[in-house]
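Visitor: Got a predicted structure plus its sequence, pasted below:
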Amino acid sequence: MSSTESDPSEPEFIEETWDGQYDDPNAKIVLMSSDGVKVRLSAWNLKKKRAFVSDLHEVSNSGDTSAPIPLEAPQHVLRAFADLVSSSTAPYFKDLTTSDYDFLFQICDKMIAPTEHDKAIDSLATQVERFPWYSFVVASKFKNVPLAKAALSKMGGEGDSPATRLPNFAPGDLDEVRPSYILELIRCRLSPTMMYQEWDLPETEQQAYVFADWNDVAKKFSPSE
């Protein structure tokens, strides 16, 4: 065999790609993004109140190297999760999209990380002006009334939002919103002035709506559980 030829029986060497910020070799937990980038996180920080990661921490202390935990999220979202872990307060994620936040909540769920989940909610609360309807949907999913109120106070500015179509929602608008949030949204937005308006012809009626200001909707919003 020529010296320049590789032995097909030998495994191909693939260089590992590490995140430029979270690559401390002393960190014991390794997460891997969907695009193959690895992140190292402190096992001590992660193990608190997390049974899943606590088991990994015990493995790392035994001298074995934990295999990377693959996560279905791109590198920048995995780094955002690392920011949640390493920060004592909610980071400000000005570049994350709604899809990115979906990935972020999924990571928190998979890693059984309620503290990071709460910080992700707090982070989203700083972005309600960009994503008012999405924030309302997330608030509904996790029964987070403060986030819902913050989102409602910023409604009305999105060009194609279910909020602008209320009460004539399109199919699919409310698929991810719990019924109690829908009913309370309608009650607060249309209350108390859903009325019938008489026209010149007595046999005709038209239902008219007077909509409450979104700030007033936010103040009144109090859904049942």
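Guide: On my side now, so go ahead.
Visitor: was I right about Tyr181 contacting Val145?
Guide: No. At 9.2 Å, Tyr181 and Val145 do not qualify as touching, with contact defined as CB atoms under 8 Å. In short, each C-beta sits where N, CA and C put it, glycine included.
Visitor: The two: which has the busier surroundings?
Guide: Neighbours of Tyr181 and Val145, each counted by other CB atoms under 10 Å, are more numerous for Tyr181; the result is 21 against 14.
Visitor: pLDDT score for that one?
Guide: Among the per-residue scores, Tyr181 shows a pLDDT of 97.
Visitor: ok, it to Glu225 distance?
Guide: 11 Å (CB to CB, to the nearest Å).
Visitor: Quick check on the residue sitting nearest the centre point of the chain: phi, psi?
Guide: The residue lying closest to the centre of the chain (CA atoms, centre = their mean) is Tyr101, at 3.3 Å. Dihedral angles phi and psi of Tyr101 (degrees, to the nearest 10) take the values phi -60, psi -40.
Visitor: tell me the contacts of it?
Guide: Contacts here follow CB atoms under 8 Å, 6 or more residues apart in numbering; on that basis Tyr101 touches 120, 124, 131, 134, 138.
Visitor: any idea how far stretch 166-175 is from the chain center?
Guide: For stretch 166-175, the distance from its own C-alpha centre to the chain's C-alpha centre is 21 Å (CA atoms, centre = their mean, to the nearest Å).
Visitor: mean confidence for it?
Guide: Looking at stretch 166-175 alone, the average pLDDT works out to 92.
Visitor: tell me the secondary structure for the residue nearest to Phe142 when sequence neighbours are not counted?
Guide: Beyond its immediate neighbours in the sequence, the residue positioned closest to Phe142 (CB to CB, 6 or more residues apart in numbering) is Ile121, lying 6.8 Å away. Remark: Ile121 carries the secondary structure label helix [criterion: DSSP: H, G, I helix; E, B strand; the rest coil].
Visitor: With Ala27 instead?
Guide: In terms of secondary structure, Ala27 is coil; the call rests on three-state DSSP.
Visitor: If the spatially closest residue to it that is not a sequence neighbour is in a bridge, with which residues?
Guide: Of all residues not flanking Ala27 in the chain, Arg40 sits nearest, at 3.7 Å (CB to CB, 6+ apart). With DSSP bridges as the criterion, Arg40 is bridged to Val30.
Visitor: I'd say Arg40 and Asp24 touch.
Guide: Yes. Here Arg40 lies in contact with Asp24, judged by CB under 8 Å, at a distance of 5.3 Å.
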